[in-house]
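Student: the following block contains a protein sequence and its predicted model.
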Amino acid sequence: MKSHDISQTREQIRSGRSFKEIVSEYLDRIDQTNPDLNIVLRDSREEAMKQADSIEQKVRIGTAGPLAGSIMGIKDVICEKDKIVSCASNMLRDFHSVYDATVVERLRQQDAILLSRLNMDEFAMGSSTENSVWGASKNPLDPTRVTGGSSGGSAAAVAAGFANATLGSDTGGSIRQPAAYCGVVGLKPSYGRVSRYGLVAYASSFDSIGPLTHTVEDAALVLNAIAGRDDNDGTSAFIDVPDYTAVISGATAKGLRIGVPEEYFGDGLDPEIRDAVMQRVTQLENDGATIVPIHLPHTKYAIATYYVLATAEASSNLARYDGVKYGHRADQKRVREVLKQEEKFLKEQIKQAESDDSKSAWTRKLERMDSPLVRLYKETRAEGFGIEVKRRIMLGTYVLSAGYYEAYYGKAQKIRRLIKNDFEQAFKSVDVIVSPTAPTTAFKLGSNVDDPVQMYLNDIYTISANLAGICGISVPCGNHSDGMPIGLQFMANAFDESSLLRAGLLIQKQ
């Protein structure tokens, strides 16, 4: 049995089907297939089955919330009370959250069943879900390929029928790129549209929580539930949230102005993906849309700008993981023993020194030895973080260091403003901007893992939306000759998710 969208599942319940039976089928698929795909980290089957009875009764008597019928998975970077929130890191392998994220509270209030916790790149840093302490996830459409990342588990869970909707987070494309690779819909809301309270931070001025679903309609339905001001998040916006499901009803291409940026269709893009996207754009033009060539000149600096600013914020955000308050802690006894051995060695070298200069050098090393607390910090972070997280912490620390701050971080902030200006100018003449979601389809597992630059380039079309704080959506637009899905991306101005969803729905209906 294939997974159904939310409205189809709710209609099955209305027609007399047991919701517990439906949930059981999802669990059966997880039990049968997940051991090979490694998408679901943990499930809440007992809790879900209890909820199913209650929600079924609400559906039958007409008092159920809008998300009744949704069987959802949550990326393992979003807090659920009393659940392990590992961020796919050894640092938080056994950490239990003591509260619910705002988005989780809102989903529960609307009768969503939260069935599973989903795999991801460690601390949301990656584009393939290969950087996970729990091991890589595999693409359910071709298990030799990646799911994308960092919300790879969230996209793959929908594609595999383990959930009919999930939540992911998007810092530079981490919802949209895996959505494209797995052939599902992925929506990144505008910065400030959805509360980040309860989202473990990667880069606080970039992070957004959003849905991954089978359909654009379901994305609108979930966004309805999670969007809106939250006093627990000072960056959430005081802007009214429309009823997105009503807004997209009856959407047509007539009058829609679509910007086509030359910069997003040049070198590095797979020709088949370019053709697939432009065929859909041509169809929209035939249906009444207006196609407007535009330029986004500063997007050529987007990758470099992002990896200066995002790593700087990551370096600051991850400084809290020191092994003292919570999370992984290195073995203190072993740390003390190592320090004793080092001290003993240095003192022996001082005694055996044959010159004053040599003796002074060894003495300085002894004087500069770490204290037990400092060494505990170092050992904890060395053991707790994986290689990609360490790489980004080091990059971020470097660009924030004295002597380099203005040359890198300060300059990148200025370029970020120029990129935002490019989009603001473009949206004066267009409603949405179209592009591919990614330059290729899902690549083979292991093929890019040792090439960080190539991995970073997978986000070349998605990063700018995070830099500018605008919204974006990836919708499937056909298959490549390699058999894998192709994603088409729309971007719209900040807080104009309505235009984004309308455009996405038009592609879905083609």
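Tutor: Structure's in. What do you need? Remember, it's a predicted structure, so these values are computed and weren't measured experimentally.

Student: show me which helix runs longest in the protein.
Tutor: Criterion DSSP state H: the longest helix present in the chain is helix 332-352.

Student: count of neighbours near T311?
Tutor: Using other Cβ atoms under 10 Å, T311 has 25 neighbouring residues. The way it works is simple: take the backbone N, C-alpha and C, and place the C-beta from them, glycine included.

Student: which is the succeeding secondary structure element to the longest helix of the chain?
Tutor: helix 356-367 (DSSP states H and E).

Student: so how far is that following helix from its chain's centroid?
Tutor: Here helix 356-367 is found 49 Å from its chain centre; the criterion is Cα atoms, centre = their mean, to the nearest Å.

Student: list the contacts of it.
Tutor: E343, L346, K347, Q349, I350, A353 (Cβ atoms under 8 Å, 6 or more residues apart in numbering).

Student: now do 10 Å
Tutor: E342, E343, F345, L346, K347, E348, Q349, I350, K351, Q352, A353, S355 (Cβ atoms under 10 Å, 6 or more residues apart in numbering).

Student: and stretch 369-386, by the same measure?
Tutor: Outside stretch 369-386, the residues touching it (Cβ under 10 Å, 6+ apart) are 88-93, 121-123, 125-126, 131-133, 318-319, 321-324, 327-332, 334-336, 338-340, 342-343, 346, 389-393.

Student: now R196, what's its secondary structure?
Tutor: Here R196 takes the coil state, with states given by DSSP: H, G, I helix; E, B strand; the rest coil.

Student: got a ChimeraX select line for the buried ones in the contacts of helix 356-367?
Tutor: Entered in ChimeraX, the line below selects the buried ones among those, by 16 or more other Cβ atoms under 10 Å:
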select :346,349,350
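
Student: what angle sits between the longest helix of the chain and helix 356-367?
Tutor: Angle of helix 332-352 versus helix 356-367, following axes from the mean of the first three to the mean of the last three Cα atoms, to 10 degrees, is 170 degrees.

Student: ok, and what's touching helix 332-352?
Tutor: For helix 332-352, using Cβ under 10 Å, 6+ apart, the contacting residues are 323, 329-331, 358-380.

Student: Serialize the contacts of helix 356-367 to JSON lines and add fields for pLDDT and distance to S97.
Tutor: Shown next, in JSON lines, are these (pLDDT from 0 to 100; distance: Cβ to Cβ, whole Å):
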{"residue": "E342", "pLDDT": "96", "distance to S97": "38"}
{"residue": "E343", "pLDDT": "96", "distance to S97": "40"}
{"residue": "F345", "pLDDT": "97", "distance to S97": "43"}
{"residue": "L346", "pLDDT": "96", "distance to S97": "43"}
{"residue": "K347", "pLDDT": "96", "distance to S97": "46"}
{"residue": "E348", "pLDDT": "96", "distance to S97": "48"}
{"residue": "Q349", "pLDDT": "95", "distance to S97": "48"}
{"residue": "I350", "pLDDT": "95", "distance to S97": "50"}
{"residue": "K351", "pLDDT": "94", "distance to S97": "53"}
{"residue": "Q352", "pLDDT": "93", "distance to S97": "54"}
{"residue": "A353", "pLDDT": "92", "distance to S97": "54"}
{"residue": "S355", "pLDDT": "93", "distance to S97": "58"}
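
Student: rebuild the contacts of helix 356-367 as CSV, extending it with distance to D459.
Tutor: Shown next, in CSV, are the contacts of helix 356-367 (distance: Cβ to Cβ, whole Å):
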residue, distance to D459
E342, 42
E343, 47
F345, 46
L346, 46
K347, 51
E348, 52
Q349, 49
I350, 52
K351, 56
Q352, 54
A353, 53
S355, 55
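
Student: and which of the contacts of helix 356-367 is nearest D28?
Tutor: E342 (55.1 Å; Cβ to Cβ).

Student: and the helix or strand of the chain with the lowest mean pLDDT, what does it pack onto?
Tutor: One helix or strand of the chain scores below all others by mean pLDDT, DSSP states H and E: helix 452-456, with a mean of 90. In terms of contacts (3 or more Cβ pairs under 10 Å, 6 or more residues apart in numbering; DSSP states H and E), helix 452-456 is packed against helix 302-317, helix 387-399.

Student: what do you get if the cut-off is 8 Å, keeping everything else the same?
Tutor: Using 3 or more Cβ pairs under 8 Å, 6 or more residues apart in numbering; DSSP states H and E, no helix or strand is in contact with helix 452-456.
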